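Novice: Give me coordinates for this.
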Amino acid sequence: PLAEPVEAPPTDAADYPTAKPEADSTTGAVLVGYGAKAGSVARRRRRNAELVVPETDQVQESYDTSKPVSRHTDDVTPSERLSAEPSGDHLPPPGRPHHASAGPRTAPRAKPAVRRVARDLGVDLNKIRGTGPDGLITAEDVVASIGTLPGVDQRVPLRGVRKEMFAAMTASLQIPQATAMIEADVTGSVEMLQLLKQRREFTTLRVSPLLVFAKAACLAISKVPEINSSYDETTREIVLHGAVNLGIAAATPRGLMVPNIKSAEKMNLTQLAEALNAMVSVAREGRVQPYDLANGTFTITNIGVFGVDGGTPILSPGEAAIMCLGTIRRKPWVVGTGEDERIEPRSVCTVSLTFDHRLVDGEMASKFLAEVATIMSNPGLALLF
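Specialist: Residues are numbered from 1 along each chain as shown. Now for the predicted structure:
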């Protein structure tokens, strides 16, 4: 048999029959949830029922223009002249780049030694931009910040190391001083230095002619002890020091300093090289301690590193002598004796000795210089001391 056609369900809520709540046949109570509330036949308004604009209309509206998009190729639009004013900070000067510090900078970043250098030179660290890691201010930055303007006087405060040096040199002029010089053939020492640089003991050390001169001075003092003396004003006596506290004049950012190596005469060549390297490092970094500057008995100053042939140094207070080394140059030199005399290129250095003429006379100074020159000419003779 054929199925009977089924009527389509009503499409509007009003077409549905209104259901009445059913009641329990026994109690007469109305059962909840059965049927709709009487008169509630209107459909509830849907959310976001506003008119929705098709996406195609939105795209077309965004590209709407009152003027044609295209134009002829021969249409020319005159350009207007632009004017601008400079703004912002000036570009940094040429040189090493400045590293910006991480985070807000509330105080200048500098090591204590650098702060001492700035204090001695009267430099305000707040006005310096550091070139070290993370904006760290170095001693070179402090020295470089001291510039002079053409035609303008500059006043440098006399303080710290410079003040002490000023007082020491003024006091030194009260002492009667004399200077003796000798031109020494140091070819043997230069050749020995080349051999030392190849040895394992000196691979990590900086070896220079100053090392041989320092050892030669300690050996020569053992022959002329008056060079390593001082005057005691309290007892009015000349004190011949048993230990050679060897001072090395060093130019540092803070000024001229003379740290000394205690009991240098007891050191072999390797130990003396280690002490000299440590002293140079400490002096350059500005970490010289008062102990290193006290109780010096003899000083060496090396102006040869500046290309100067020689000079007449000034005594350090409390010492009887100071030795000055000039630069080593290749010069024609007469070698051999008699029929073997000939001229050869040799390494020559001028050595001078300034001494307190109250404690050291000319004979003592001459003997000392002769001993130093002999050792420098033939280092093997040091075995005889």
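
Novice: can you pull out the strands in the chain?
Specialist: 177-185, 229-232, 237-240, 246-248, 250-252, 255-257, 260-261, 298-302, 321-325, 329-335, 342-356 (DSSP state E).

Novice: quick one: low-confidence parts of the chain?
Specialist: 1-77, 95-106, 147-152 (pLDDT under 70).

Novice: cutoff 90 now
Specialist: For the chain, applying pLDDT under 90 flags the ranges 1-174, 203-204, 206, 250-257, 280-293, 305, 316-317, 336-340, 380-385.

Novice: Residue ranges of each domain in it, please.
Specialist: By the assignment in automatic domain parsing, the chain contains the domains 112-147, 161-384.

Novice: what sits against the residue positioned nearest the centre of the chain?
Specialist: Closest residue to the average C-alpha location of the chain: residue 138 at 4.2 Å, with CA atoms, centre = their mean. For residue 138, the contacting residues are 110, 114, 130-132, by CB atoms under 8 Å, 6 or more residues apart in numbering. Placement of C-beta: from N, CA and C, glycine included.

Novice: quick one, phi psi at it?
Specialist: phi -100, psi 170 (degrees, to the nearest 10).

Novice: how far away is it from residue 353?
Specialist: Residue 138 sits 37 Å away from residue 353, going by CB to CB, to the nearest Å.

Novice: and if you look at residue 297?
Specialist: For residue 297 relative to residue 353 (CB to CB), the value is 15 Å.

Novice: repeat for residue 187
Specialist: For residue 187, the distance to residue 353 - CB to CB - is 21 Å.

Novice: Give me the more crowded residue out of the two.
Specialist: A direct count of neighbours by other CB atoms under 10 Å for residue 187 and residue 353 places residue 353 higher, at 24 against 21.

Novice: Dig out what the more buried one forms beta bridges with.
Specialist: residue 180, residue 323 (DSSP bridges).

Novice: so it makes contact with residue 322?
Specialist: Yes: judged on CB atoms under 8 Å, residue 353 makes contact with residue 322 at a distance of 7.4 Å.

Novice: returning to that earlier point: which among the contacts of residue 138 gets closest to residue 171?
Specialist: residue 114 (29.6 Å; CB to CB).

Novice: Identify the residues contacting the closest one.
Specialist: 137-139, 142, 286.

Novice: cool, residue 265 as well?
Specialist: 218, 221-222, 243-244.

Novice: Distance-wise, check it relative to residue 349.
Specialist: Taken as CB to CB, the span from residue 265 to residue 349 is 22 Å.

Novice: Contact partners for residue 256?
Specialist: Residue 256 neighbours (CB under 8 Å, 6+ apart): 161, 165, 249-250.

Novice: Show me which of those residues are buried.
Specialist: With burial judged by 16 or more other CB atoms under 10 Å, the buried subset of the contacts of residue 256 is 161, 165, 249-250.

Novice: Just send those back as TSV, with distance to residue 80 too.
Specialist: Formatted as TSV, these follow (distance: CB to CB, whole Å):
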residue	distance to residue 80
161	64
165	67
249	70
250	66
